[in-house]
Structures are given as structure tokens and as C-alpha cells.
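Asker: structure of the sequence below:
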Amino acid sequence: MAVDKHATFTLPPGATGFFRPGDGPPPETDWRTFRAALYAAARAAGGRVGETEEQSYPRTFHTAVIEGADERVVLCHVHHPWIAFATERRDWYTEEFLDPPPWARTFTGLGFVVLDRARLTLPLRAVDTAVLTPRDWRLIRSYGITTLGGVLFNAWD
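Answerer: Down below sits the predicted model:
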């Protein structure tokens with residue numbers, strides 16, 4: 001896919017969960033840092049942290065639930081400090097994202113980047129995909145992924 005010079009999001013290496021050997025070791029979003037942010041967000045929401053699940057292969061994200069009046073599933077990319085929200089736990093997402101609740105600012109204050117539904121549902125043609133490899137594109141096509149969120153929060157191998 002050609003790079004759109006007007007793209008609103010640039011994928012960094014590893015956004016799909018795969019790295020080329022020359023990229024060096026992948027960055028990692030620390031599980032403990034994410035959990036600490038979850039507890040701070042739960043306090044801000046007037047809720048509590050429910051079930052949490054650390055990322056395991058082939059998923060590219062950690063998952064947690066903040067329970068309460070504004071219950072949300074919280075997704076945290078394992079290689080980049082991106083946070084997204086959904087209504088249900090799944091192994092992968094395409095367009096099932098929610099806009100961040102007001103208490104999501106807690107994550108931003110702790111170094112995470114909170115992605116909203118509009119950004120996560122961007123069609124791939126509006127994303128700078130120059131770093132994607134032929135392997136990435138094969139997986140994207142075979143899974144029928146058409147959105148940024150589908151590329152970021154996946155479970156392909």
C-alpha cells in the first residue's frame with residue numbers, strides 16, 4: 001500500500017506484533033506499569049480493577065476490566081504504550097472500540113497514549129503503513145483487517 005502523505009497515524013516497527021531481525025529487540029509495555037495505571041484509573045472512575053490478563057502469544061495486548069458504573073475493558077498494546085477501550089474481552093478487535101471515558105486521562109498522565117474510537121477505526125488507507133512487511137500484509141489480508149485498531153490489537157501468528 002502506498003504511503004499517504006496526509007496519513008493521520010504512522011505505524012512504528014512492531015505495531016503488528018512482528019519485528020524484523022534488523023529492528024533490534026522490541027520495546028515492551030511493562031505489565032506492572034500497566035497494572036499500576038489500571039488501579040489509578042479505577043480510583044479515578046470510582047470503580048475497581050476486575051479481571052486482568054497479561055499478554056500471551058499470539059495476542060499483541062494486555063487486557064483488564066475496570067468495573068463500576070462506567071465499566072470498560074481496557075486494552076494495552078504490549079510493544080507500544082497505547083491504551084484502547086472496548087465493551088467486551090476478545091482475542092482480536094476490528095471496529096469494536098469505545099471512546100475513552102473521562103477517567104482515561106489517568107493513563108495519559110502516567111505515560112500512555114489513549115487512542116479514541118475515531119483513530120482506531122481509521123481505514124488503513126489513511127494510515128502510514130510504510131513499515132509493514134510482506135508478511136504483515138499477508139496476515140492483514142488473510143484476516144480481513146481494514147482498520148488501524150485491527151492491526152494494533154490482534155492475535156494472528
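Asker: burial measure for residue 123, as a count.
Answerer: Using other CB atoms under 10 Å, residue 123 is surrounded by 9 other residues. C-beta here means a position set from N, CA and C on the backbone, and glycine is covered the same way.
Asker: beta-bridge partners for it, please?
Answerer: Here residue 123 sits in beta bridges with residue 147, going by DSSP bridges.
Asker: SS state for the nearest residue to residue 52 once chain neighbours are set aside?
Answerer: Counting by CB to CB, 6 or more residues apart in numbering, residue 64 is the residue found nearest to residue 52 once chain neighbours are left out, at 4.2 Å. Under DSSP: H, G, I helix; E, B strand; the rest coil, the three-state class of residue 64 is strand.
Asker: so how far is residue 155 from residue 94?
Answerer: According to CB to CB, to the nearest Å, residue 94 stands 12 Å off from residue 155.
Asker: can you check residue 148 too?
Answerer: From residue 148 over to residue 155 the distance is 16 Å, taken as CB to CB.
Asker: I figured residue 149 hits residue 123, correct?
Answerer: No - with contact defined as CB atoms under 8 Å, residue 149 does not reach residue 123; the gap is 10.8 Å.
Asker: spit out the contact partners of residue 81.
Answerer: Going by CB atoms under 8 Å, 6 or more residues apart in numbering, residue 81 touches 29, 111, 112, 113.
Asker: what subset of those is buried?
Answerer: Taking 16 or more other CB atoms under 10 Å as the criterion, what is buried in those is 29, 112.
Asker: relative to residue 9, which of the contacts of residue 81 is nearest.
Answerer: Nearest to residue 9 among the contacts of residue 81 is residue 113, at 10.8 Å by CB to CB.
Asker: now the helices: where do they sit in the protein?
Answerer: 31-45, 105-109, 117-120, 134-142, 148-152 (DSSP state H).
Asker: just give me the lowest mean pLDDT stretch among those helices.
Answerer: Among these, helix 134-142 has the lowest mean pLDDT, at a mean of 91.
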